[in-house]
Structure formats: C-alpha cells, structure tokens
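[1] I'll drop the sequence and a predicted model, then ask my questions.
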Amino acid sequence: MRIISILILALVFALSSNQVSASPVDTYEFQDEVTKIRFQALSKELRCPKCQNQNLADSNSPIAADLRRELYELLQQGKADIEIVNFMVDRYGEFVLYRPRVSQLTYVLWFGPAVLILFGIIIVIVIVRRKPVPKEDLVLSKAQQDKLNSLTKDK
Amino acid sequence: MGKLIRFLPLILVIALGVVLYRGLSLNPQDMPSALVGKTMPAFELQTLNNSDKVVTKADLLGDIVLINVWATWCPTCKYEHPYLVDVAKDAQVKLYGLNYKDERVAAQQWLQHYEDPYVFSIFDDEGTLGLDLGVYGAPETFVIDHHGIIRKRFAGAIDTRVWRREFEPLIAQLIEEKKQGK
C-alpha cells in the first residue's frame, strides 16, 4: 500500500514537473482571453527561422523574441490569424509554418501516408484472396474418416 | 519475375540509403528567401553616421545594389569585413550597410577602427527593415537589381570563394541586363 502511494506521488510529481518547461517569459498583456489564446496558438504554430527545431514560443533566440513582439503587435492591430500567417510567410517563406499549407509542393507530404496505407490494404487484400483453399481438400476421404471415427469413439 | 521480387526489398533499402545519405550533406540552414523576385520593401530610417539624415528606398535604387546586414555583436561580420572593403572597390556595384539591432556609438567606432566599405549604413536598431527583409541573423547580403527587385539573399560570411561562386555570375548577368535596357 505504501509503495503504491509512493509510486502515485512520484507519477504526479513527474507529470507536474513536465509542465514546467524552460520557455522564455514575455510579459505581454492582452485585452481579452481569446487574444491570449490566439497568441499562444500562433506562437506554437510558427517556427523560429534561426533555431529550426523550435517554435516561437519555445525559442530564446533574439529573432524569436522579435517575432513574438511582432505577433503581439499584429494581434493588437486586430489582424486575423490568416493575415498574420501570410505576413510571416511573405517574409520568412513557407518554412515558418510547422503545418505546411496544401499546395503542389506538399501534396506528397499531405497525401503520401494515406496513399501508402491504401496501397498496403490493397496488397493485403490481394494476397489474402489469391489462394482460396480448394474445397475437395477439406473433405476427408473414406479411409481418413474411418480412422478419425475409430480414434474418437473409444474414449 | 519471381526472382526480381525477391530482390525488391534490397533495392528499396539501398535506394532509401542513398536518399538519406545525401540528406546528411545538405545544409538545413540553407533556405531560399521568400523575397527573391519581390521588390525591395519600403523603409524610412536614419543613417548610422547622421541621425538627422533619413533615407528611404528611393535612395538605394537605380544601380546594382548590395545590402549587407551587419552588427558589432556579430563575430562573422568581422571576418567578412576585409572582403567587403574589396567588394566596395568594384565600381559596378554599390554596397550599402544595414546596421541591424546594434548600438550607434559602437557601430560608428567599428567603422572608424576598421574601414567603412559602405556608401552609407542604414541604422535599424529595432530591426524593422530586417524583419521586412526576412533577416534572422547576421551577416546576410542581398543583391538588388536596378529595378529594385531582390535577386538574391545570401546568409553567411562573404569571402573570395563565396564571392566567386555566389555573387560574380549573378552580378555579371545583372550588368548585362542593365546594358540591354531590360
């Protein structure tokens, strides 16, 4: 019992410490909750151009701080999400989007996995259906039937 | 046919290996600029040496222009500097500086201490023009043609080798275009 409670405590601790990350702290104030949520969502969607495997919310680099400030100002100006995303793409390219837009360049990226799964399913179906077991092989011959009967009857 | 299918997985693995191996030698920092082919963004900023003098896009246009993004906090800019002094001697291009997120006094001292290769440096302490140009570090160098179209962005230091490979052919082409009055 004691071990279990210790384990639970450890788990809770591990989960809660997971929430505390080393993200940079900005002191932006928003006029309403929606804008704040939009700011957080957009800074997670947009990628830092300098430190390429981090989003704007994660990164400590000066350019990420600048872009967060720009993002904040665009939100204060009442720009729509799509306008803000276009603003960033115009300057830093499609690269800044963690979720690339569907275009000729990204068809493979977006539809490749679905096509592969479909391909796999078709292959499985073909293999499964290719060799139906002939029915006559399933029927026991007279001698086999007799032997089966003699084996099962006695006991 | 049956034998060929047996080797299919091997062939696929080798093909995948080749693709991934190639990927190892690619530079992930090497990104094309979103601005190549677009016009130079408008701006209105002071020059580094004279806070009373405001320059705009119109002050740059008409020639084949190089805009070099630099700052005193950037060690690679120091490495690049002597090559820029060389580039400035070329009468066919005009080299302008974009002093990016820097302190005015320190930057002025830098230019006095070394040599000032720039026609003038734009003082962009807040990085506003830098943002419009999609700059995310220094040094970066932009090539702008006589119509004000951005033709190239190069991130990293310029030296003789880089200049020959990345800039010389493009500048020769731009000079040719200008001659033909395109």
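    Cool, the structure landed. This one's a predicted model, so the numbers in the text were calculated from it and none came from an experiment.
[2] chain A: helices as residue ranges?
    Here chain A has its helices, by DSSP state H, at A:2-19, A:33-45, A:62-76, A:81-92, A:107-130, A:142-153.
[3] burial-wise, tell me which of the ones you listed comes out on top.
    helix A:62-76 (a mean of 18; mean count of other CB atoms under 10 Å in any protein chain shown). Where C-beta positions appear, they are placed from N, C-alpha and C, glycine not excepted.
[4] for the residue nearest the centre of chain A, give me its contacts.
    Centroid check for chain A by CA atoms, centre = their mean gives residue A:99 as the closest residue, at 10.5 Å. By CB atoms under 8 Å, 6 or more residues apart in numbering or on different chains, the contact list for residue A:99 reads residue A:45.
[5] worst average pLDDT in the helices of chain A?
    By mean pLDDT, the lowest-scoring of those turns out to be helix A:2-19, with a mean of 61.
[6] interface residues of chain A facing chain B?
    Residues of chain A found near chain B (CB under 8 Å from any CB of the partner chain) are A:49-50, A:52, A:62-63, A:66-67, A:70, A:89-95.
[7] can you do 7 Å?
    By CB under 7 Å from any CB of the partner chain, the part of chain A that sits against chain B consists of A:49, A:50, A:52, A:63, A:66, A:70, A:89, A:90, A:91, A:92, A:93, A:95.
[8] backbone dihedrals for the residue nearest to the centre of chain A, please?
    Residue A:99 adopts backbone torsions of phi -110, psi 100, taken as degrees, to the nearest 10.
[9] what about it, distance to chain B?
    17 Å (CB to the nearest CB, to the nearest Å).
[10] tell me the bridge partners for the nearest residue to residue B:38 once chain neighbours are set aside.
    Leaving aside its sequence neighbours, residue B:38 sits nearest to residue B:150 (CB to CB, 6 or more residues apart in numbering or on different chains; 5.9 Å). Residue B:150 forms beta bridges with residue B:144, as assigned by DSSP bridges.
[11] nearest to residue B:51, of the helices of chain A?
    Residue B:51 lies closest, by CB to CB, to one member of the helices of chain A: helix A:62-76, at 22.4 Å.
[12] next, the angle from the closest one to helix A:33-45.
    Using axes from the mean of the first three to the mean of the last three CA atoms, to 10 degrees, the direction of helix A:62-76 lies 150 degrees away from that of helix A:33-45.
[13] what's the spacing between the residue nearest the centre of chain B and chain A?
    In chain B, the residue lying closest to the centroid (CA atoms, centre = their mean) is residue B:141, at 1.9 Å. Relative to chain A, residue B:141 is positioned 17 Å away (CB to the nearest CB).
[14] just the pLDDT at that residue, thanks.
    For residue B:141, pLDDT reads 94.
[15] likewise residue B:95?
    95.
[16] what's the end-to-end length of stretch B:51-64?
    This stretch, stretch B:51-64, spans 26 Å end to end (CA to CA, to the nearest Å).
[17] got a list of contacts for it?
    Outside stretch B:51-64, the residues within contact range by CB atoms under 7 Å, 6 or more residues apart in numbering or on different chains are B:40, B:42-47, B:92-94, B:96, B:120, B:122, B:145-146, B:148, B:171, B:174-175, B:178.
[18] alpha carbons of the strand or helix carrying residue B:174, as PDB, please.
    Residue B:174 belongs to helix B:168-179 when assigned by DSSP states H and E. Provided in PDB are the C-alpha atoms of helix B:168-179 (Å, rounded to 0.1, in the frame of the first residue of the first chain):
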ATOM      1  CA  GLU B 168      30.100  37.100 -59.500                       C
ATOM      2  CA  PRO B 169      27.900  35.200 -62.000                       C
ATOM      3  CA  LEU B 170      24.700  37.000 -60.900                       C
ATOM      4  CA  ILE B 171      26.300  40.400 -61.000                       C
ATOM      5  CA  ALA B 172      27.700  39.800 -64.400                       C
ATOM      6  CA  GLN B 173      24.200  38.800 -65.500                       C
ATOM      7  CA  LEU B 174      22.700  41.900 -63.900                       C
ATOM      8  CA  ILE B 175      25.200  44.200 -65.600                       C
ATOM      9  CA  GLU B 176      24.300  42.500 -68.900                       C
ATOM     10  CA  GLU B 177      20.600  43.000 -68.300                       C
ATOM     11  CA  LYS B 178      21.100  46.700 -67.400                       C
ATOM     12  CA  LYS B 179      23.100  47.200 -70.600                       C
END
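[19] cool, thanks, talk later.
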